[in-house]
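**Q** here is a sequence together with a model predicted from it:
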Amino acid sequence: MRKFIQKALEKIEKLDIQQIHKLVSDLAQENERLEVVLESMTDGIMVTDTENRLVLYNKSAERLIPFVSVTEVYERKVWSVIADMEIADFVRSVLERQETVRDREFSIRLGGETRTLSCSVLPLVRNGKIQGNLFHIEDVTEKRAKEIRLRRAESLASLTTLAAGVAHEIKNPLGAIGIHIQLIKKSLQGKSRVGKRVVMKHLDVVTEEVERLNKIVVDFLFAVRPMDAHLELRDLNGILLDMVKFVEVETAQGDVKLNVELAEGLPKLLLDEKYIKQAVLNLVKNALGAMPEGGVLTIRTERKGDYVRLQVIDTGIGIPPEYLDKIFEPYFTTKEFGSGLGLTIVYKIVKEHQGEITVDSEPGKGTVFTIKFPIPQPERQLIDYRQEVSEGVVT
């Protein structure tokens, strides 16, 4: 319909009175249809001209961000129409700086309750030229509440898994401690003196199991407590080279060839050195455990677009496909010995660095752990709408 009307308008001088009446009628119907659509939307819409004056809005906009009490809001600066000063200042600042801003959230009192609004300011662009601006308002209160409930449910599920894992892990050490204490008591029964060697043998086991319990508790606390990471611009390659020095002996003893392939000229990343070393060391130990008969371990870095990729690759036994979705879960392990928290800790460290970690594996051929670290971007300042046409709303 819009193309038909546009073509008719281009030939209006050649139209007779009846055709003009038909064109006007079609235009009225098209305008009415668009008005119905606009008024039926639950999201608020406010449109300005190139001078930031309000030229169009729907009822949802007025409902979500109440307007000031004036008889006429059209042709006024859009921010002067908005009653909430925080949102009004936001709109004014964005429009005067010619910025594009998406999903800025505000809290506002509506109907006696606090609502969360997501506000976006986008340029209206046509034929590469700015025609005005669109102010979009969405009530995301329920969405955010659902997200909070989901996070709580996930946290509870994780805590349940952790608790079950801890209970399982501490059961064996406690059992061993109990047995050897009983053996010590049995050795002491009815005797005034007992050989030191007999008691020390049992006490050595007790000490070993206590240390094991302590490690379980330390790993558990690391898994559940918030990390105190101090992110600084650091050289990832330098951190890896320092870490490699600690594993060279272990790889040699395990008949594992170590390949270190670090790309030159990598940008500095926001990293916490001690946590990065811990994460990579956990991956290396995991790889060595997968190559009991020896193999090749590769540590590789390279830049890919706006992130740096770190890979730890082994030629070990691999991971069965049915386990790939579970390996980062707390206390999941396929090893006979191990806490099952090593990869959980790696996952937590990577997330703390705003990174992503994935795993690819094929049984009998090996495993590849890939970590993507985002490259810090300079803060964006003023936006030239001609460079942001693709982000705007085309009219």
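**A** Happy to help now that I have it.
**Q** ok, and for stretch 171-187, which residues are buried?
**A** For stretch 171-187, burial by neighbour count (16 or more other CB atoms under 10 Å) applies to 173, 177, 180, 184. Glycine gets a C-beta too; all of them are placed from N, C-alpha and C.
**Q** the first one reaches residue 209, doesn't it?
**A** Yes - contact between residue 173 and residue 209 holds when scored by CB atoms under 8 Å: they sit 4.1 Å apart.
**Q** residue 362 against residue 316, yeah?
**A** No - the pair residue 362 / residue 316 is not scored as a contact, 10.6 Å apart, by CB under 8 Å.
**Q** okay, these two: which has more neighbours?
**A** Higher neighbour count among residue 362 and residue 316: residue 316, with 25 against 12, using other CB atoms under 10 Å.
**Q** that one in helix, strand or coil?
**A** coil (DSSP: H, G, I helix; E, B strand; the rest coil).
**Q** what ranges does the protein have for its strands?
**A** For the chain, the strands defined by DSSP state E cover 44-48, 54-57, 101-110, 113-126, 129-139, 232-234, 256-262, 269-271, 295-304, 307-314, 356-362, 366-374, 393-394.
**Q** counting neighbours, which bits of the fourth one end up buried?
**A** Within strand 113-126, the residues that count as buried by 16+ other CB under 10 Å are 115, 116, 117, 118, 119, 120, 121, 122, 123, 124, 125.
**Q** repeat that for stretch 285-302.
**A** By 16+ other CB under 10 Å, the buried positions in stretch 285-302 come out as 286-291, 295-301.
**Q** mind pulling up the pLDDT for residue 131?
**A** Per-residue confidence (pLDDT) for residue 131: 87.
**Q** so it is in contact with residue 56, correct?
**A** No - if you go by CB under 8 Å, residue 131 and residue 56 don't touch, sitting 11.9 Å apart.
**Q** what sits against the residue lying closest to residue 66 once chain neighbours are set aside?
**A** Once flanking residues are discounted, residue 66 sits nearest to residue 83: 4.7 Å by CB to CB, 6 or more residues apart in numbering. With contact taken as CB atoms under 8 Å, 6 or more residues apart in numbering, residue 83 is in contact with 65, 66, 67, 68.
**Q** what ranges do the helices span in the stretch 151-300 of the chain?
**A** With DSSP state H, counting those that start in this stretch as the criterion, the stretch 151-300 of the chain has helices at 196-224, 236-253, 273-289.
**Q** make CSV from these and add distance to residue 137 and mean pLDDT to it.
**A** Below are these laid out as CSV (distance: least, CB to CB, whole Å; pLDDT from 0 to 100):
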stretch, distance to residue 137, mean pLDDT
helix 196-224, 38, 81
helix 236-253, 42, 90
helix 273-289, 40, 91
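**Q** winner for burial among those?
**A** Ranked by mean neighbour count under mean count of other CB atoms under 10 Å, those are led by helix 273-289, which reaches a mean of 20.
**Q** quick check: angle from that one to helix 236-253?
**A** Going by axes from the mean of the first three to the mean of the last three CA atoms, to 10 degrees, helix 273-289 is angled at 30 degrees with respect to helix 236-253.
**Q** list of residues touching helix 273-289?
**A** Around helix 273-289, the neighbours that count as contacts under CB under 8 Å, 6+ apart are 227, 229, 234, 236, 239-240, 242-243, 246-247, 250-251, 254, 256, 297, 299, 310, 312-314, 316, 335, 338, 342-343, 345-346, 349-350, 352-353, 367, 369, 371.
**Q** can you check stretch 67-76 too?
**A** Stretch 67-76 has contacts (CB under 8 Å, 6+ apart) with 53, 54, 55, 57, 80, 81, 82, 83.
**Q** closest to residue 272 among the residues you listed?
**A** Nearest to residue 272 among these is residue 82, at 42.2 Å by CB to CB.
**Q** what bridges to that closest one?
**A** residue 67 (DSSP bridges).
**Q** my read: it touches residue 65, true?
**A** Yes - contact criterion CB under 8 Å: residue 82 and residue 65 qualify, at 5.5 Å.
**Q** ok, those two, which is more surrounded?
**A** Taking neighbours as other CB under 10 Å, residue 82 and residue 65 compare with residue 82 leading, 26 against 23.
**Q** so who does that one touch?
**A** Contact analysis of residue 82 by CB under 8 Å, 6+ apart lists 65, 67, 68, 88, 91.
**Q** contact partners for residue 243?
**A** By CB under 8 Å, 6+ apart, the neighbours of residue 243 are 277, 280, 281, 284.
**Q** tell me the pLDDT at residue 350?
**A** 92.
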